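Chemist: predicted model and sequence follow; I will ask about them next.
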Amino acid sequence: MHIGERVKTFRKALQLSLSELSIQTGISEATLSRVENDQTLMSAANLYVLSQALNVDMSAFFENPGSPARSGIRSITRKGQGVFLETERYSAQVLSNDITNKMMNPAIDIVAGQTLEEVGGLHAHPGEEFLIVLEGNLHLHSEHYAPLLLEAEDSIYFDSSMKHAYVCAGDTPARILVIATIDATHLKSEGE
């Protein structure tokens, strides 16, 4: 089953129309329809927003649903064994996909877009984010700050509800490790 089919299945299970899901997520109805019909790719940030609205872990969008996080659990992702995801903004290798309901979502992203327009502009999602540049150079664009150049081994921790975007700052794509947390207050307010 593809990501679009899973989105549609989860949406219908909650008896939500595309319009209602659009209102909850801020993602246009047209984009949601294209995603469900496998006509467009979904950014990791939008997958995160959808997972919150559909009350599923991000790993539920992929082939092998994982085990719930619990005391003493661990997850090992061997080199090249993550779940690969192509988005409009970058290529991603989602790590630790065998655990659901995690408090953070790690991924290795390859950022090739060289302009803010190429990567689809600024986006935001609830929670916090840690990023470290593994290879290459990266510009981090954000709504409250001037673009920041990050080079190999530079890192940053920031509020991901602030609109942001990653842009390649060199001749070769930047390879980055991104760890996005889940906004626990957002989850509590929905669960109450």
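Modeler: Sure thing, it's come through. Please read these numbers as outputs of a predicted model, since none were measured by experiment. Numbering: from 1, shown residues only.

Chemist: quick one: the helices in this protein?
Modeler: For the chain, helices defined by DSSP state H occupy the ranges 3-13, 18-25, 29-36, 44-53, 184-191.

Chemist: list of residues touching stretch 76-94?
Modeler: 40-44, 47, 58-59, 62-64, 95-97, 105-113, 119-120, 123, 165-166 (CB atoms under 8 Å, 6 or more residues apart in numbering). To be clear about C-beta, it is placed using only N, CA and C from the backbone, and glycine gets the same treatment.

Chemist: first-to-last residue distance for that stretch?
Modeler: Counting by CA to CA, to the nearest Å, you get 12 Å between the two ends of stretch 76-94.

Chemist: go through it and flag the buried ones.
Modeler: T77, G82, V83, L85, T87, R89, Y90, S91, A92, Q93, V94 (16 or more other CB atoms under 10 Å).

Chemist: check stretch 154-162 too.
Modeler: F158, S160.

Chemist: before we move on, the earlier item: can you tell me which of the helices of the chain is packed in deepest?
Modeler: Highest mean neighbour count among those (mean count of other CB atoms under 10 Å): helix 44-53, with a mean of 21.

Chemist: centre of the chain to that helix, how far?
Modeler: Offset of helix 44-53 from its chain centre (CA atoms, centre = their mean, to the nearest Å): 7 Å.

Chemist: hmm, who's touching it?
Modeler: So helix 44-53 is contacted by 3, 7, 21, 24-27, 31, 42, 57-58, 60-61, 85, 87, 89, 92, 94, 105, 107, 109, 123-127, 180, 186-187, 190 (CB under 8 Å, 6+ apart).

Chemist: any idea how far the residue most central in space within the chain is from L140?
Modeler: Nearest to the mean C-alpha position of the chain, counting by CA atoms, centre = their mean, stands A44 at 2.5 Å. According to CB to CB, to the nearest Å, A44 and L140 sit 15 Å apart.

Chemist: which residues of the chain fall in strands?
Modeler: Counting by DSSP state E, the chain has strands at residues 67-68, 83-86, 91-94, 99-100, 104-111, 128-135, 138-142, 145-150, 155-159, 164-168, 174-181.

Chemist: nearest to L16, of these?
Modeler: Of all the strands of the chain, it is strand 99-100 that lies closest to L16, at 20.9 Å by CB to CB.

Chemist: if we can go back for a sec, which of the contacts of stretch 76-94 are buried?
Modeler: With burial judged by 16+ other CB under 10 Å, the buried subset of the contacts of stretch 76-94 is 41-44, 47, 58-59, 62, 95-97, 105-111, 113, 119-120, 123, 165-166.

Chemist: ok, the most far-flung residue of the chain relative to its centre - contacts?
Modeler: Going by CA atoms, centre = their mean, the residue of the chain most distant from its centre is G72, 25.5 Å out. In this structure, G72 makes contact with no residue, judged by CB under 8 Å, 6+ apart.
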